[in-house]
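> Model the following, please.
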Amino acid sequence: MAHGSCLQEIKPDKQPVGSYTSRKKFTTHQIEINKGDTIYILTDGYADQFGGKQGKKFKQKKLKDLLEEIKNDELHIQEEKLKTAILSWKGNLEQNDDITIIGIRV
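Residues are numbered from 1 along each chain as shown. Got it, this is the predicted structure:
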């Protein structure tokens, strides 16, 4: 969640959504949100995309920095900047995972 100039990460529970051998309960989180905050819900696909000059992963740190950089832009502008960044990063490499980022502005 972006608030002011702070990006706060809520760590996910690590378990598959589809098939599993033992089901665990998901952790419930309560957060305070304020008008103007932006909440991002995303998969690991963007950060795990291979690309760049050396064919390495985009990585979580680089994604967090990008979200921090664009968080005050209108959501449709953020979408375009995220698309442009990942397409530029992956270049001619195939997309190797699903990429989902949902941004909600309160």
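> Quote the end-to-end distance of stretch 66-80.
With C-alpha to C-alpha, to the nearest Å applied, stretch 66-80 spans 12 Å between its terminal residues.
> same thing with stretch 90-106?
Terminal residues of stretch 90-106 lie 31 Å apart, using C-alpha to C-alpha.
> Return the distance of that stretch from the chain's centre.
8 Å (C-alpha atoms, centre = their mean, to the nearest Å).
> If we go by neighbour counts, what in that stretch is buried?
Within stretch 90-106, the residues that count as buried by 16 or more other C-beta atoms under 10 Å are 90, 99, 101, 103. C-beta coordinates here come from the backbone N, C-alpha and C atoms, glycine included.
> now swap in stretch 33-48 and tell me
37, 38, 39, 40, 42, 45, 46, 47, 48.
> Check which helices and strands the longest helix that the chain contains is in contact with.
The longest helix of the chain (DSSP state H) is helix 75-90. With contacts defined as 3 or more C-beta pairs under 8 Å, 6 or more residues apart in numbering; DSSP states H and E, the secondary structure elements packing on helix 75-90 are strand 50-51, helix 60-70, strand 101-105.
> what's the closest of the buried residues of stretch 33-48 to residue 85?
Checking those against residue 85 with C-beta to C-beta, the nearest one is residue 46 at 8.9 Å.
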